[in-house]
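Colleague: A structural model of the following input is requested.
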Amino acid sequence: MIAISEVSPRDGLQPIKGFVPTETKIELVRRLYAAGLRRMEVGSFVSPRAIPQMADTGDVLAEALKLEGLECTVLVPNRRGFDAALQAGAHRLGYFMSATEGHSRANLNRGIEECLAELSTLVSETPAHVKIRFNLSTCYHCPFEGVVPEDAVKALVNRVAPLNAAMEISLCDTTGNAAPDQVKRLIGWAIETHGPRFAFHGHDTYGMGVANAVAAYEAGCRVIDTSAGGIGGCPYAPGATGNVATEDVVWAFTRMGVETGTDWAKLLDAADFAAAVPGATPGGRMRGVPAARAA
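Modeller: The predicted model follows:
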């Protein structure tokens, strides 16, 4: 079995320029939950001036917390976000930094060392009852530096992993330009070296999102990030289009005989809803396959 970590309420909606009504965000969460998804990235406690789309994360999280058995993750970029997320009762805090200096400067206006120093402090101060997801962006390819040397990522993982033995670490393909063999090698090494606590976050920019998710699974990864309808993308990674679609990944793993815990018809309903949000940039393939809809 794999755990699908659904990111459309945050990563999928965040790039949309026009403000998506809070009620729409909550409805998306509810439809995803109805489809059987039990891990969800529901928002981000960032400055509303920096990312206006996430200004209502507290309200969305409050409704998501009412859904029994749903694990709610929120991204926190700094101390202010950390305090707000804890006060709001998030189950898991998502920290994030880049594996390359170029993307780190573009995304956070800080270098790798400065980011790691701050996040190390926040990890150490995270209460024991709160789970942690540590996201490493641009682990395979960087829009500013090209293909990322695997040894450089390994060195960073070796520094991050000891911060908290229980925290989950995601090795992210931010641009969607990773190759399956690259994903399999890096995640395989990470699991062999630091244990089975690694996740994979991929994009489908070059049509390899599902292949990379399968490669991560074959390397031992059991937590895969996806976005219903394939919506989303990284505004600080030029050319990076949508996340890999939840429905595409579920279809692939179901065909492989791997349980995902989802209801196919309700998942398609949630994916259609996500794709129809004004301003969203939908992707994926299964929503457009008549035979798949009839399955």
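
Colleague: so Leu67 makes contact with Val29?
Modeller: Yes: using CB atoms under 8 Å, Leu67 is in contact with Val29, at 7.4 Å. Backbone N, C-alpha and C define where each C-beta goes, glycine included.

Colleague: neighbour-wise, which of the two wins?
Modeller: Taking other CB atoms under 10 Å, Leu67 and Val29 do not tie; Val29 has more neighbours (25 against 16).

Colleague: just checking, that one touches Val60?
Modeller: Yes: counting by CB under 8 Å, Val29 touches Val60, with 6.7 Å between them.

Colleague: and Pro21, how many neighbours?
Modeller: Neighbour count for Pro21, taken as other CB under 10 Å: 12.

Colleague: go on, the one 10 residues further on?
Modeller: Arg31 is flanked by 19 other residues according to other CB under 10 Å.

Colleague: report pLDDT for it.
Modeller: Arg31 carries a pLDDT value of 98.

Colleague: thought it was touching Asp269?
Modeller: Yes: assessed by CB under 8 Å, Arg31 is found in contact with Asp269 at 6.1 Å.

Colleague: distance of Ser104 relative to Ala245?
Modeller: 28 Å (CB to CB, to the nearest Å).

Colleague: ok, which stretches of the stretch 101-250 of the chain are strands?
Modeller: Secondary structure of the stretch 101-250 of the chain (DSSP state E, counting those that start in this stretch): strands located at 131-137, 141-142, 146-147, 168-173, 198-202, 223-226.

Colleague: just put the ones you listed in a markdown table and tack on distance to Arg10.
Modeller: As requested, the strands of the stretch 101-250 of the chain are exported to a markdown table (distance: least, CB to CB, whole Å):
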| stretch | distance to Arg10 |
| --- | --- |
| strand 131-137 | 12 |
| strand 141-142 | 22 |
| strand 146-147 | 27 |
| strand 168-173 | 13 |
| strand 198-202 | 12 |
| strand 223-226 | 11 |
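
Colleague: can you put the ones you listed in a markdown table and add mean pLDDT?
Modeller: As requested, those are arranged in a markdown table below (pLDDT from 0 to 100):
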| stretch | mean pLDDT |
| --- | --- |
| strand 131-137 | 97 |
| strand 141-142 | 94 |
| strand 146-147 | 95 |
| strand 168-173 | 97 |
| strand 198-202 | 97 |
| strand 223-226 | 98 |
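
Colleague: let me have the ones you listed in CSV, extended by distance to Ile51 and mean neighbour count.
Modeller: Listed next are the strands of the stretch 101-250 of the chain as CSV, based on distance: least, CB to CB, whole Å; neighbours: other CB atoms under 10 Å:
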stretch, distance to Ile51, mean neighbour count
strand 131-137, 16, 21
strand 141-142, 21, 23
strand 146-147, 27, 12
strand 168-173, 18, 24
strand 198-202, 18, 27
strand 223-226, 19, 26
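
Colleague: report the distance from the lowest-mean-pLDDT helix or strand in the chain to the chain centre.
Modeller: The helix or strand of the chain with the lowest confidence, counting by mean pLDDT, DSSP states H and E, is helix 101-108 at a mean of 85. What separates the centre of helix 101-108 from the centre of its chain is 18 Å, taken as CA atoms, centre = their mean, to the nearest Å.

Colleague: show me the helices in the stretch 51-200 of the chain, by range?
Modeller: 57-64, 79-88, 101-108, 112-125, 150-160, 180-194 (DSSP state H, counting those that start in this stretch).

Colleague: tell me which residues in the fifth one are buried?
Modeller: Which is helix 150-160. Neighbour counts using 16 or more other CB atoms under 10 Å place Val153, Leu156, Val157, Val160 of helix 150-160 among the buried residues.

Colleague: do the same with the last one
Modeller: Residues of helix 180-194 classed as buried under the neighbour-count rule (16+ other CB under 10 Å) are Pro180, Gln182, Val183, Lys184, Leu186, Ile187, Gly188, Trp189, Ala190, Ile191, His194.

Colleague: swap in stretch 280-289?
Modeller: Applying 16+ other CB under 10 Å to stretch 280-289 flags Ala280, Thr281, Pro282, Gly283, Gly284, Met286, Arg287 as buried.

Colleague: just the CA trace of that stretch, in PDB.
Modeller: The C-alpha trace of stretch 280-289 is given here as PDB (Å, rounded to 0.1, in the frame of the first residue of the first chain):
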ATOM      1  CA  ALA A 280      -6.200  26.600 -12.100                       C
ATOM      2  CA  THR A 281      -3.800  25.000 -14.600                       C
ATOM      3  CA  PRO A 282      -5.100  21.400 -14.800                       C
ATOM      4  CA  GLY A 283      -3.100  18.500 -16.200                       C
ATOM      5  CA  GLY A 284      -3.100  14.700 -16.000                       C
ATOM      6  CA  ARG A 285      -4.600  12.200 -18.400                       C
ATOM      7  CA  MET A 286      -7.100   9.900 -16.800                       C
ATOM      8  CA  ARG A 287      -9.900  12.600 -16.600                       C
ATOM      9  CA  GLY A 288      -9.900  12.600 -20.400                       C
ATOM     10  CA  VAL A 289     -10.000   8.800 -20.900                       C
END
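
Colleague: all set, thanks.
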